[in-house]
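Participant: kindly return the folded structure for what I paste below:
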Amino acid sequence: MIAVARNIEESTSERVNWIKCDISVETEVNALCEELKKKETTYNVIYLAAYHHPDLVAKNPKIAWDVNITALARFLNCMEDVRCFFYSSTDTVYGNGSTDVHFKETDVVDPVNLYGKHKVLAEQLVTGYGYNVVRYPFLIAPSLVKSKKHFYDQILETIEKGDTMEMFADSYRSTLDFGTAASLLVKSIEQYTKDFPKIVNIAGDDDLSKYDVGCMIAKKHGISTDLVKPISMAGSQGIFGVKRAQSALMDNTKVKEALGLAEIKINL
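Facilitator: The predicted structure follows:
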């Protein structure tokens, strides 16, 4: 079952049941929970809903709070018969790091913007309810929805036309592709026990700048990496409305141990 507020992509698979549910609308959440109660089974829940653009969160703090905190709390209190519940969080909670620091799940969180602060509080709600949190890094891959382009698609379209694409060369993340990130979350659910870590970093082994990722995309499609132009975070004031962490590398030891993995590599 997939519950979304908009843009329902109908599937021909009998395994997929699309349901409209805006988590900020209490009546719709209650209706979803009542429908699930009729099934008389337990559920594995992946919670992805968020008001997540840092600039928009700062611009619309009340709307962001309603989506990120109020709706989440209501949803947690409504759901019953949950086998496991995984909340999707972000490296933004850690705040500003450096290239010689890889944040562990036990490190003190210190977000640099309101969006990060919302995610910290949301994590506390989830773990306080006894559920689990997955912290993701910067994720990138081609969009699977024709009507909605991702950053990957924007990069590729720009350099395919022969135009230059400016990308930060001094801002580092433990970047992953969406497919790998999703498959590791599914594996976490499949192997879930009550002893599974309450918070895990699902992150790549490699320390990658946005510039590195742009060059990887160019090479994959046989396009000159000269079209990917390195720029510095020092000149990002006109790009971002609110502060971003320059680097937020993550240690992925815990999830590797939990899932029996030797490595986690980005696959573009």
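Participant: every contact and neighbour count from this point should use C-alpha atoms.
Facilitator: Fine.
Participant: how deep is the nearest residue to Val101 once chain neighbours are set aside tucked in, by neighbour count?
Facilitator: Distances taken as Cα to Cα, 6 or more residues apart in numbering place Leu249 nearest to Val101, at 6.7 Å, with adjacent residues excluded. Neighbour count for Leu249, taken as other Cα atoms under 10 Å: 30.
Participant: which ones are touching Leu249?
Facilitator: 91, 97-99, 101-103, 137, 172-174, 207 (Cα atoms under 8 Å, 6 or more residues apart in numbering).
Participant: can you tell me the closest non-neighbouring residue to the most centrally placed residue in the chain?
Facilitator: Centroid-nearest residue in the chain: Tyr136, 5.0 Å away (criterion: Cα atoms, centre = their mean). Leaving aside its sequence neighbours, Tyr136 sits nearest to Thr90 (Cα to Cα, 6+ apart; 4.6 Å).
Participant: hang on, Ser98 packs against Met250?
Facilitator: No: at 10.6 Å, Ser98 does not count as touching Met250 under the criterion of Cα atoms under 8 Å.
Participant: looking at the two, which is more packed in?
Facilitator: Set Ser98 next to Met250 and count neighbours by other Cα under 10 Å: Met250 wins out with 28 against 16.
Participant: least trustworthy helix or strand in this protein by mean pLDDT?
Facilitator: When the helices and strands of the chain are scored by mean pLDDT, DSSP states H and E, strand 2-4 comes last with a mean of 73.
Participant: now do the buried residues in that one.
Facilitator: 3-4 (16 or more other Cα atoms under 10 Å).
Participant: burial check on the closest residue to His52 other than its chain neighbours, number of neighbours?
Facilitator: Of all residues not flanking His52 in the chain, Tyr115 sits nearest, at 6.6 Å (Cα to Cα, 6+ apart). Using other Cα under 10 Å, Tyr115 is surrounded by 25 other residues.
Participant: check contacts around Tyr115.
Facilitator: Contacts here follow Cα under 8 Å, 6+ apart; on that basis Tyr115 touches 52-54, 57-58, 92.
Participant: 10 Å - rerun?
Facilitator: By Cα atoms under 10 Å, 6 or more residues apart in numbering, the contact set of Tyr115 is 50-58, 61, 64-65, 68, 92-93, 242.
Participant: for Thr99, same thing?
Facilitator: Contact analysis of Thr99 by Cα under 10 Å, 6+ apart lists 170-173, 207-208, 246-249.
Participant: check it and give its pLDDT.
Facilitator: At Thr99, the model reports a pLDDT of 91.
Participant: what do you get for Gly235?
Facilitator: On the pLDDT scale, Gly235 gets 69.
Participant: Asn113: how many residues sit nearby?
Facilitator: Residues within reach of Asn113, counting by other Cα under 10 Å, total 19.
Participant: let the chain start at 2 from now.
Facilitator: New numbering, starting at 2: the last item is Asn114.
Participant: from Ile141, how far off is the closest residue to Ala219 other than its chain neighbours?
Facilitator: Residue nearest to Ala219 in three dimensions, not counting chain neighbours: Thr226, with 5.7 Å by Cα to Cα, 6+ apart. Computed as Cα to Cα, to the nearest Å, the Thr226 to Ile141 distance reads 18 Å.
Participant: repeat that for Lys188.
Facilitator: For Lys188, the distance to Ile141 equals 20 Å [Cα to Cα].
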